[in-house]
Structures are given as C-alpha cells and as structure tokens.
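# Give me the fold of what follows.
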Amino acid sequence: MNRTEPPRLEQFGRGPVEPVPHDAIHHAIAGWADRTPDAIAAEHDGRAITYGELDRRADALAHLLTAHGVRPGDTVGLFLRRSLPMLVGILAVLKAGAAYVPQDVRTAPPRQLRQVARAAGIRVILTLRGLADRVPAMEGRTVLAIDTDAAVPGTAASFVPDRAAKPDDGCYVLFTSGTTGTPNGILVTHRNVTNILLTAPGNLGIRPGWRVAHLLNIAFDMAAWEILGCLANGGTLVIRGQSIADAAERADVVIATPSVLGTIDPARCRRIKVVAVAGEPCPRSLADRWATRCAFWNCCGPTETTIVNTMHRYDPASGRLTIGRPTPNNTVYVLDGHGRPCPIGVVGEMWAGGDCVSAGYLDNPDLTAERYVPDPFLGGDRRMFRTRDLGRWTADGDLEHWGRTDDQVKVRGFRVELDSVSSVLESVPGCTRAVTLKVDDRTLVAFVSPASVDAEVARRAVADALPYYCVPSEVHALPDLPTTARGKVDKTRLLALVAS
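Below you'll find the model as predicted:
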C-alpha cells in the first residue's frame, strides 16, 4: 500500500455527515398532514386518501391498539396486502410506539405466519376483512380487520402517545430466510429509517406532486423505501393492483429489483424521473435502457443495513456501473480475512457501519454476535455489520460489487464467482438477464433470457472470457427468469428445472 492510500481509504469509506430532520419517520408524515392535509397521500383501485384523512384514521386505530394493550416497544403484525388500509395500519402502529411486522397473507403460508408471530412476540395482528380467514388461529393473539368504519372511524381524538418516539425505537421488523429454514427477524429502528429516507440521495428527490409506485411485496425491505420514502417526503403513493406496468406508467419514481424492472417498458413510463434498483446485481444493459430517460440509481445493502447503504447514479457515457459510495452518516469498509482494510483495487469483504446498522436479530443472540461486531473504526459503542458482499474500491472512490462470499463456489477444486459468469453472459447481444448456479462439485448451469438468446453463443462467450472451470455445462434460454414473491430471481425453481 502506498503512502497516499490510508487517507484515500478513510475518505472513500465515510459517507457525508448530514443532519436528519426527524427522530421518527412518522413525525415526517405527520408534518405533511399538518401542512398539506388535502394533498393525496395514496391511490389504489380507483380510490384515494388524503394526508389529513390518513392521519385521522391512523389516530383512531392507534387508540384502538392501545386499548388492546399495545405499548411502546411492542410489535404489531400487518398480515394483509397492499391497500389504503395498510397505510393506516402502518402509521397507527408507529404512532402507538410499536414496530410493524408486514406479511402478505396471499403469498406467506400459515406455517410462516405462525413462525413470524412467535419470533416477533406479536400479540395483535391487523388484517383486512377479506383476508381474515388466511390468518391462522394463534392462541393469545387478537386479530383486527382494519378496513371497517367500526374499527377505524374517520374521525377521532388526536392520539397522544405515552412517550415521544426515540431514534432507537423499533420502526419495523422484517424477516429473511435463515440457513436452518427458520426465518430471522431483523429489528430496524427509526434512526436507521430516517437516516436513509430523509437525506439525499436516499430520499430520491421525492416531493409534493411526485408520484411513487408501490410495486413490491410488503414483507420486502425495499417496499419500506416505496411506502415510507414517499409519505415522509410528501409524495403520492401509487399502489399497484394486478399490473406492475400500469402503476409504473403513472409514476415519477420507481423502486424495484432488476428482475421486476426488467418487466417494465421504459418507453411507456413517460412521467418517470427517478429509478432506483437494489436487491440483485443489475445488468448494465438494463441500466442503459433507463438511464437515458431518467436519473438511474444502482444501490446495494442487505436488510440488516436498512434498505441500501451505498448508491451510485449511473452515467451511461462513463461505461461504469458501480454500487457507488456510502450514504450519509454511514461507512463501508472493504476488509481482508484478518479485518484489515484492503488496498484500493483489491477485492475484500464489505462491512457496513454508521447509522444504517440495524438493532440485530430477534431472539437470536448468537447470530447477532456473529454478524454485528464492535466497529473498531468508529469506536465507542458503534457496531458494524458483516454483509457477506465482496467489493473493491476504484481509484476514484466508488465501490465495485464482486458478488457474495456465498456465491464463491468450488468447481473441480477451483474457486468460481458465479456473478462473474453471469456478467459475461449478460454481455452477449440480446441477453437481458442471466444467472449461474452450481449443480454439483463439477458442474455449473446457467439460465439466460429472453428465449431468443443463442444458448451456444452465450456459452462460447464464457469460454472465451473465463477459465474452463467457469464454463457452464449447459445454458438454458427462457422467456423470463422466474422470480420470488420479493421480486428476485428464484434460484430454487431454476435448479428444479435442471433436476426435472
């Protein structure tokens, strides 16, 4: 490492220090209800709700929640679907000082709902009348349908919480798949959420008059970006029905995984001003399609670091699609196996620090201790999170994503980065999406879309660019790659296609 590198690494790894205007995200939403009560907060299925009505109904529901024993520090389940009452439920839970736990009951099986309720300590569950029969019976838990005037009247006394919300109070709990098959609950605080959604660039420039599409599964952390990011900045949330495209075409802002964005035609999104993608590696061809029409942000960050903690506005003229730099009040460290900063240009594992780091895993102290460790760079009581993402710094201070540690597999005794193989496949003319999977210790298989991609040409492209052990034994061209309920490529279904 040369003499100039330590200062440059210090500069690269720290996001700008910015003030955050609110201690809790619902305080920002309440501010818009006070200033612009008649502005439309959200639209869905031909109906709309203003900021004033949203606030009044949330006050009424917050009173009901407290009557059922909900107190600051508790959790409340939102077992429902995308809807206007869902927004009332979210805001009411936050007003009551609790953290909301979202699950889409149309896609989550009963066993998962029971696990989530048990792990999060949920005693009250909010749902909709037409979905109540999908909420499994659980002893000691109250289920309330919130799309009725009896439960949530249009007028109520203003709700005053037992105590004011604090930055380190829980905002929401999201569940990710655990290695044992049991979902891990992650407690995300108001400090975490306000830091990314009320500062630039995480606020995406959203302002009154802008329309933000709500496309994603409510149990996915990027849905919180859509919902809370819109309402906390005074925008109008366009909640989709059956059609993703219809909602996107009426929006100024779209937040999506690359798999979901790839289903939308940019030529039909004439209002579009901003697109942000995260959750998966973004093909450069997809970024090119959108970045000529709007501001295109490529972002990265696991749920544990609060939606995203690095962002990059892509310029097609540069030819470089990175994951950018740390967002405000956050840090990123690229470390070697001994916890030392890697030199610029050297790939290491990315660790995240700062205000993005969530409170940890619910009821799993061993896993929390493994992944959340004391931050030796910020010091004090700060912690950093092991993302398991690989990356390296460029000479001008951007982060390049190099896959995940669990995407590094051994094939024929050689280490292979699956994302690197997929990146080559996506460079083949006509290929818009690719994924590479390990079948066994000697075999890789790849899937590309659309179906018009010449599979043999794609395979030869890998053979020309990478060592022989990186070449998939088979490349399958499909019309579309299957996705999970959260909008990511469904690798389990793809492996099942190989096995069938």
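# Kindly tell me how buried Lys95 is, as a neighbour count.
26 (other CB atoms under 10 Å). Placement of C-beta: from N, CA and C, glycine included.
# Test my guess that it contacts Asp59.
Yes: in terms of CB atoms under 8 Å, Lys95 counts as a neighbour of Asp59; the distance is 6.9 Å.
# Now do the shared contacts for those two.
Common contact partners of Lys95 and Asp59 (CB atoms under 8 Å, 6 or more residues apart in numbering): Phe159.
# Quick one: low-confidence residue ranges for the stretch 151-300 of the chain.
For the stretch 151-300 of the chain, applying pLDDT under 70 flags the ranges 151, 154-155, 177-182.
# which residues in it form strands?
Assigned by DSSP state E, counting those that start in this stretch, the strands in the stretch 151-300 of the chain fall at 170-176, 184-189, 211-214, 236-239, 253-256, 274-277, 295-300.
# Can you classify the residue lying closest to Ala395 once chain neighbours are set aside by secondary structure?
Closest residue to Ala395 apart from its sequence neighbours, by CB to CB, 6 or more residues apart in numbering: Ile344 at 6.1 Å. Assigned state for Ile344: coil (three-state reduction, DSSP: H, G, I helix; E, B strand; the rest coil).
# show me what contacts Asp38?
Thr50, Tyr51, Gly52.
# Which of the residues you listed lies at the shortest distance from Gly170?
When the contacts of Asp38 are compared for distance to Gly170 (CB to CB), Tyr51 wins out at 24.1 Å.
# Test my guess that the closest one contacts Ala39.
Yes: judged on CB under 8 Å, Tyr51 makes contact with Ala39 at a distance of 5.3 Å.
# Compare the two (neighbour count), which wins?
Neighbour tally, Tyr51 and Ala39, criterion other CB under 10 Å: the higher count belongs to Tyr51, 25 against 16.
# contacting residues around that one?
Contacts of Tyr51 (CB under 8 Å, 6+ apart): Ile29, Trp32, Ala33, Thr36, Pro37, Asp38, Ala39, Ile40, Ala41, Gly234.
# in which helix or strand would I find the third one?
Right, Ala33. In this structure, Ala33 sits in helix 25-35 according to DSSP states H and E.
# helices or strands up against that helix?
Contacts defined by 3 or more CB pairs under 8 Å, 6 or more residues apart in numbering; DSSP states H and E place helix 25-35 against helix 51-67, helix 84-95, helix 190-197, helix 221-231.
# Adding distance to Gln11, write these out as TSV.
TSV is the format used below for the helices and strands packed on helix 25-35 (distance: least, CB to CB, whole Å):
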stretch	distance to Gln11
helix 51-67	40
helix 84-95	36
helix 190-197	20
helix 221-231	27
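# For Pro374, find the nearest of those.
Pro374 lies closest, by CB to CB, to one member of the helices and strands packed on helix 25-35: helix 190-197, at 18.1 Å.
# hmm, who's touching that closest one?
So helix 190-197 is contacted by 20-25, 28, 165-172, 202-203, 224-225, 228-229, 232-233, 306-309, 327-330, 355-358 (CB under 8 Å, 6+ apart).
# and those, which are buried?
20, 22-25, 28, 165, 167, 169-172, 202-203, 224-225, 228-229, 232-233, 306-309, 327-330, 355-358 (16 or more other CB atoms under 10 Å).
# Which of the strands of the stretch 151-300 of the chain has the highest mean neighbour count?
The highest mean neighbour count among the strands of the stretch 151-300 of the chain, using mean count of other CB atoms under 10 Å, belongs to strand 253-256: a mean of 28.
# report the longest strand in this protein, please.
Ranked by number of residues, the top strand in the chain under DSSP state E is strand 383-393.
# on contacts alone, who are the packing partners of that strand?
By 3+ CB pairs under 8 Å, 6+ apart, strand 383-393 packs against strand 330-335, strand 348-354, helix 365-371, strand 372-374, strand 399-404.
# in its sheet, what does that strand sit against?
Applying DSSP bridges to the sheet, strand 383-393 is found paired with strand 348-354 (antiparallel), strand 372-374 (antiparallel), strand 399-404 (antiparallel).
# how about these, which one is nearest Leu321?
strand 399-404 (9.0 Å).
# picking that back up, centre of the chain to the longest strand of the chain, how far?
16 Å (CA atoms, centre = their mean, to the nearest Å).
# hey, C-alpha coordinates of it in CSV?
Provided in CSV are the C-alpha atoms of strand 383-393 (Å, rounded to 0.1, in the frame of the first residue of the first chain):
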residue,chain,number,x,y,z
ARG,A,383,-21.2,-1.7,15.6
MET,A,384,-20.5,-2.8,12.1
PHE,A,385,-22.3,-5.5,10.1
ARG,A,386,-20.8,-8.2,8.0
THR,A,387,-22.7,-8.0,4.7
ARG,A,388,-21.0,-11.1,3.0
ASP,A,389,-20.8,-8.9,-0.1
LEU,A,390,-17.5,-8.7,-1.9
GLY,A,391,-16.2,-5.5,-3.3
ARG,A,392,-13.3,-3.3,-4.1
TRP,A,393,-12.6,0.5,-4.2
